[in-house]
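Asks: Got a predicted model here, sequence first, then my questions.
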Amino acid sequence: MALFGPRLDRPTALGDEGRPRATSLTVASLLVFTALIVSTTCPWNYGLRFDGGIVPTLVVPACASLGQFALGIATLTGLMTAGVALSNRERFASLFIGQIILLPPGTALVGGLAAMLFVRPAYGVFFGGFAIALLALGSTWTDTASASSVRPALFQEGLTYVSILLWAAFGVMVYLAVLLVRATVSATDPTVALFVFLLLVGASAILTRIGLRWLPIRQLTQRHRRATVDAVLARVRRIDTILIVGSVVGVVVALPLSFLGVFSILYRVVPFVPAVFRLFGSGPVVAVVVGLGLFSVLLGLVALGVRRLTRPVETRSNRLLAPFVAGLFLTLGMLPFTFSLLPIPLPVTVVVLAVLFGPIALYVIGWTLVLAEYASILPARAGGPALAAGGMVVATVGAALIGLPGPLVVALAAVAMIVWDVSAFGLGVTAELGHLPETRRLELFHAVVAVAVGAVTVLVVGLLAVARTTVAGDRAVLVAAGLAVFGVLVLLLGVRGYAAREAMD
Amino acid sequence: MQESTRWRGAVAAAIVFAAAGIAARSGPLLLAGIVPLVYLAYGLLSSAPTEATLSVTRHVDPELSPPGTPVHVTLTVTNEGEHGLSDVRVVDSVPTDLAVLRGSPRLGTTLEPGASATVEYVVVARRGVHEFEPPTVRVRSLGGTSVTTLGPAVSGGTELVCRLDAEAPPIDDHGSQFVGQLTTDDPGEGLTFHSTREYRRGDDASRIDWRNYAKRNELATVNYEQRLAATVVLVVDARPISRAVPGPGRPTAVELSAYAATHAVRDLLRAGHEVGVAVVGTDGSGPAGLRWLPPASGERQRSQALEIFETAAEATASAPDTDQQMTELLGLVPAGAQLALFSPLLDDRPVTALETWRSQGFPGVVLSPDVVTDNTVSGQFEQLQRHTRLARCQATGARVMDWRRGTALPLALEYAFAAHERLPGQRQAGIGGGSL
């Protein structure tokens, strides 16, 4: 089911796999989202102030600023969910956009949460829990919570990261080359001009060789002229090889000669040689040599691109090419953009560390989840609901640590249980009945019962929490509550054994 | 009764809350540890009803149908007990040979006392008798953790009978009054008005259009639809390649061909014509393994033809030499008979055979059931090839009918057996360029 835009999940006609039914998942999503909004905007602290007049002023509590983080986390997790879903597609455009909206938000989320854990651990735990829950629910909606869906996304994410590094290295090399060319053009020393000229000839010959390899010259030639063109191409390749080898040999030979002072003697003996060497390093000559190589390789790239676009969908090569292109896009545009959007003014070192190591951390976290499923720590089919509930448990611990009111902490714990209950129930309905039959009534009834149980529990335990702060001392209540939990656990184990025996009878 | 292990994680959550609460000396966290335990208790203590009173009624419409037709199945589950059921899941047992075309044979709902829920779905009929087993009904506890599987008795329809002659009258029923006549497009003497023409000397006075004379003071003669007798041999292509299906649970092309031929036999015999039957592609007792029924008329002929068609639809063995059968067939067909071929045209052999028949002067009709799906590239390619074969058949001068899914069989047969060109002694088109 798509709430808006194109649907991100891949509905199956089989019906015995996939995500829980939409109604159950809607209830779980609404509960988590409401819990996030309520616990980060603390509406119970809002108030009205009458400053002498009859028009009141709204008093916004300081804790309401947490709502900004909530909004940021929700946006980032939403983008990541869509990114993972698109990374499981076949078409180049989907895979490309998938990487664009997976890697930067993922890096930002991991970096932000890591920084928060370092600076304010309690808030890190709280928002980390909600991030896990939102990601898990989003992935469950898009049916990409399983290891088989996360793996391709991680594979491409890794490739994109490597591609970013390669493109960055390439950019540095290009920059250095430009500096070199500029130095050559402005160089007055004829020996330096000769060396750089030889290097440029070699590089240009290599680029020309690559461009010729990619260009479909033979294929575009008429059949009766192919023999002639083949001969010409063979000659060009031979010249190219001679130029590459010649330039390398030239540098290797010229270097010791230069150290031995042979060039100084040559310049004295043959006066016009320095002028000739300077001519090699002059602007027009360098432009022609470099331009030839660049032109060939650019033409080859265009030919490759056209061939790529006109080829039918081929998933494997698309999954290799999309991260490569996404890496270029991110290197050129998105990284500076991401830097400029960082909400918290952090030192540049921290930002650089986050950008460099964020994707690696994201990769490691993703593989941890995959391995958790392989090791059966996460249930194979119910990974999404289990993670969502687990995230809410973590968020509950965080909420207690940052000092949110007791009843709210208990409510968050109830939400964790309801999320698991309704999601697992919806998954069971999908497994047993498939996607086709109308089961809204069944799911809603179960959800209402689960929410009612949660509401009663929150009411009773919340009252206990309030009583704890007003009536009893902290130490006494801690001991009492610990004993209560232990007692209920022992009691339930007994009941469980009794129920099992009853079932056998 | 089965118990679910869904709440095992709740124990872990309680322990996490308790441990974190003790470590952080947080009262709310310790109290939050109670919440998972409440849900665990709620899951464990609620149990599914072991004896739910459910009545189940199934309605199959129609219970007797020809192959390829949609059959509506309605299953109604009623809670006859005094307590509501919070979770009832029903899965109807669709016979394994049938495929669900629309809807779902599954249902999940809650049922209050006296309330009913209905499952509606459509299956495609395939030849044979298909028994519906009782549905699987599962009821769950309020918490959804305890499950009881029930097998309630089913009233109403329990089987679907699919026969080739499902829409035909019984075998011993007598035919129509139009004995020995087949309608043609040529005008002449008969009963049904066809057209008027200028009066010629010698025309019978009963055929003069007196009303026209009164209006215009001109004599005109009324033409009636001419009726001629014919001998038709129905050839069913039952080769293994023709046993293709358009999808799982759908009838094979041979079944559809046999069904169409069954109806054609009925219609032609009712009109008093002599009908012969040949089945190629199976190993029968006739010449070269052909299943052959010489042309004759009467109800006995119809029952024998039906028997042959049913055998063809069930056949699994293939003929030793189909080309030999096609050649032998030409020797068996009486001079002047029409040949009606029922084939999905999934290869070139039927086309070659038709070209041979036409070159020998036999009028031809081709009725081709469409079993090729065109939602894949290979399917579209196959459909293109089939259309080419249909065009080649048409080029021989035969009347060709592409019987697409969704087209009513009577319409297809009516078009295919409109008489004109197929009558003996009429114009015959050469191979590759008919002048019809």
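Replies: Arrived safely. None of these values were measured; they are calculated from a predicted model.
Asks: which strands and helices sit next to the helix or strand residue B:35 falls within?
Replies: Here residue B:35 sits within helix B:34-45, counting by DSSP states H and E. Other elements packing on helix B:34-45 under the criterion 3 or more C-beta pairs under 8 Å, 6 or more residues apart in numbering or on different chains; DSSP states H and E are helix A:406-433, helix A:440-470, helix A:474-504, helix B:8-24. All C-beta spots, glycine's among them, are computed from the backbone N, C-alpha and C.
Asks: List the buried residues in that helix.
Replies: Across helix B:34-45, burial judged by 16 or more other C-beta atoms under 10 Å in any protein chain shown covers B:34-44.
Asks: before we move on, the earlier item: any chance of the helices and strands packed on helix B:34-45 in CSV, plus mean pLDDT, distance to residue B:307 and mean neighbour count?
Replies: Putting the helices and strands packed on helix B:34-45 into CSV (pLDDT from 0 to 100; distance: least, C-beta to C-beta, whole Å; neighbours: other C-beta atoms under 10 Å in any protein chain shown) gives the following:
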stretch, mean pLDDT, distance to residue B:307, mean neighbour count
helix A:406-433, 90, 43, 26
helix A:440-470, 87, 50, 18
helix A:474-504, 57, 56, 14
helix B:8-24, 86, 63, 19
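Asks: Select, out of the ones you listed, the one closest to residue A:306.
Replies: With C-beta to C-beta as the criterion, residue A:306 lies closest to helix A:406-433 of the helices and strands packed on helix B:34-45, at 44.1 Å.
Asks: low pLDDT regions in the stretch 151-300 of chain B?
Replies: Scanning the stretch 151-300 of chain B for pLDDT under 70 picks out B:166-192, B:225-229.
Asks: hmm, 50 instead?
Replies: The model of the stretch 151-300 of chain B has pLDDT under 50 over residues B:169-184.
Asks: any chance of the buried residues of helix B:34-45 in JSON lines, with pLDDT too?
Replies: As requested, the buried residues of helix B:34-45 are exported to JSON lines (pLDDT from 0 to 100):
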{"residue": "B:34", "pLDDT": "87"}
{"residue": "B:35", "pLDDT": "90"}
{"residue": "B:36", "pLDDT": "90"}
{"residue": "B:37", "pLDDT": "88"}
{"residue": "B:38", "pLDDT": "89"}
{"residue": "B:39", "pLDDT": "89"}
{"residue": "B:40", "pLDDT": "86"}
{"residue": "B:41", "pLDDT": "85"}
{"residue": "B:42", "pLDDT": "84"}
{"residue": "B:43", "pLDDT": "80"}
{"residue": "B:44", "pLDDT": "78"}
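Asks: Show me the helices in the stretch 101-250 of chain B, by range?
Replies: For the stretch 101-250 of chain B, the helices defined by DSSP state H, counting those that start in this stretch occupy B:210-216.
Asks: what do you get for the stretch 301-450 of chain A?
Replies: Under DSSP H, counting those that start in this stretch, the stretch 301-450 of chain A gives helices at A:315-329, A:335-341, A:348-374, A:383-401, A:406-433, A:440-470.
Asks: how about the helices and strands packed on helix B:34-45 in CSV, adding distance to residue A:368?
Replies: Output for these, formatted as CSV (distance: least, C-beta to C-beta, whole Å):
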stretch, distance to residue A:368
helix A:406-433, 20
helix A:440-470, 30
helix A:474-504, 29
helix B:8-24, 18
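Asks: for chain A, longest helix please?
Replies: Counting residues, the longest helix found in chain A (DSSP state H) is helix A:147-186.
Asks: Outline the domain layout of the chain.
Replies: By default, I'm working from chain A. With automatic domain parsing as the criterion, the domains of chain A are listed as A:22-146+A:342-471, A:172-314.
Asks: Oops, wrong one, chain B.
Replies: If you go by automatic domain parsing, chain B breaks into B:2-45, B:54-162, B:186-227, B:231-422.
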